[in-house]
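Colleague: could you work out the structure for the sequence below:
(one chain, ligands or ions: 1)
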Amino acid sequence: MIILYIIVFILGLIFGSFFNVLIYRIPLKKSIVFPSSHCPNCNASIKFYDNIPIISYLILGGKCRNCDMMISPIYPIVELITGIMFLFLFIHSGLNIVFFIYLLNFSFLLILSFIDFNHKEINVYALIIPYIITFIYLFLNSNVLPESILFNNAAGFIEGIIGSLIAGLLFFIVRFLGTLIMKREAMGEADIYIVILTGLILGYKVFFFSIIFAGITGLIFYAFYSRIKKDPEMPFIPFLSLGCFLALMFKSLILQYLTI
Ligand SMILES: [Zn+2]
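Modeller: Next comes the predicted model:
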């Protein structure tokens, strides 16, 4: 079993390496296939043996082999986070269709989180892909269909739809009032689309906990970040996504608590 965990973790690191390419190139509207990875400073192409997730970064001491330019620690951080994310989703769900549905959702959220963290424009239309696939999955699993078609009759479809609607409406109202009161954009429009997806994934009961987790992790991050950077502009999407991930991990615990 432990070997399976290691394989999933390493797969996560490799995907994380690919996500780095997406995070860097999508906002620049560059091709994600060509050219292969190269140093942004000296343009030297990065050899495959210098492109091993995390390990290459450590061996090279975070520098380009050719020009010694410092490479952002964000790259190994994205790889590590992706590895951990894959591992925890696997532990949470096991090897089944749910695992792949969550992988898809959280991979999208992770990529958009880091694009948002770099203060780049995110393309909210990309969220339609995980949304539709999750919607179809929940629908096929719901008791809306006659029993013969069901996978396991798991509830969650109606909760998800309500979660989606409540989340979207709540964030729309907060953004509208916030903008009215502060007389400037209170929240990115993209945040609304993010919670419409996380509301669907979690269902309305667990969704509220994801907002609490997002608030707590966001505040902790701000406390550290504001020491390094003066008046930092805080992105929301990373914390909404992290909140969603934590809420999913503690979902059974939360639902247990709610029924008491
Ligand atoms: Zn270089």
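Colleague: how is the chain partitioned into domains?
Modeller: Per the record, the chain has its domains at 1-94, 96-260, by automatic domain parsing.
Colleague: count the residues that sit near H92.
Modeller: 15 (other CB atoms under 10 Å). Every residue, glycine included, has its C-beta placed from N, CA and C.
Colleague: now it: how far from L80?
Modeller: Distance check for H92 against L80: by CB to CB, to the nearest Å, it reads 18 Å.
Colleague: re the thing from before, need the domains of the chain in JSON lines with mean pLDDT, can you?
Modeller: Compiled in JSON lines, the domains of the chain are given as follows (pLDDT from 0 to 100):
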{"stretch": "domain 1-94", "mean pLDDT": "92"}
{"stretch": "domain 96-260", "mean pLDDT": "89"}
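Colleague: quick one, which of the ones you listed is nearest to the ion?
Modeller: Between the ion and the domains of the chain, the shortest gap by CB to the ion is with domain 1-94, which sits at 3.0 Å.
Colleague: that closest one near the ion anywhere?
Modeller: Yes: using CB under 5 Å from the ion, domain 1-94 reaches the ion at C39, N41, C42, C64, N66, C67, M69.
Colleague: host element of the second one?
Modeller: Element membership of N41 [criterion: DSSP states H and E] is none; it lies in no helix or strand.
Colleague: what is the burial count for the residue lying closest to it once chain neighbours are set aside?
Modeller: The shortest distance from N41 to any non-neighbouring residue, by CB to CB, 6 or more residues apart in numbering, is to M69 (3.9 Å). Using other CB under 10 Å, M69 is surrounded by 13 other residues.
Colleague: ok, L89 next?
Modeller: Neighbour tally, L89, other CB under 10 Å: 24.
Colleague: please name the nearest non-neighbouring residue to it.
Modeller: Y102 (4.8 Å).
Colleague: in what helix or strand does that neighbour lie?
Modeller: helix 97-117.
Colleague: so how far is the very next helix or strand once past that helix from its chain's centroid?
Modeller: Downstream of helix 97-117, the next assigned helix or strand under DSSP H and E is helix 128-141. Distance of helix 128-141 from the chain centroid (CA atoms, centre = their mean, to the nearest Å) equals 17 Å.
Colleague: alpha carbons of helix 128-141, as CSV, please.
Modeller: What follows is helix 128-141, C-alpha atoms only, in CSV (Å, rounded to 0.1, in the frame of the first residue of the first chain):
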residue,chain,number,x,y,z
ILE,A,128,-16.8,25.3,-17.1
ILE,A,129,-14.9,22.1,-17.7
PRO,A,130,-14.6,20.8,-14.1
TYR,A,131,-18.1,22.2,-13.4
ILE,A,132,-19.8,20.3,-16.1
ILE,A,133,-17.9,17.0,-15.4
THR,A,134,-18.7,17.3,-11.7
PHE,A,135,-22.3,18.1,-12.5
ILE,A,136,-22.7,15.1,-14.7
TYR,A,137,-21.0,12.9,-12.2
LEU,A,138,-23.3,14.1,-9.3
PHE,A,139,-26.3,13.8,-11.6
LEU,A,140,-25.6,10.2,-12.5
ASN,A,141,-25.1,9.4,-8.8
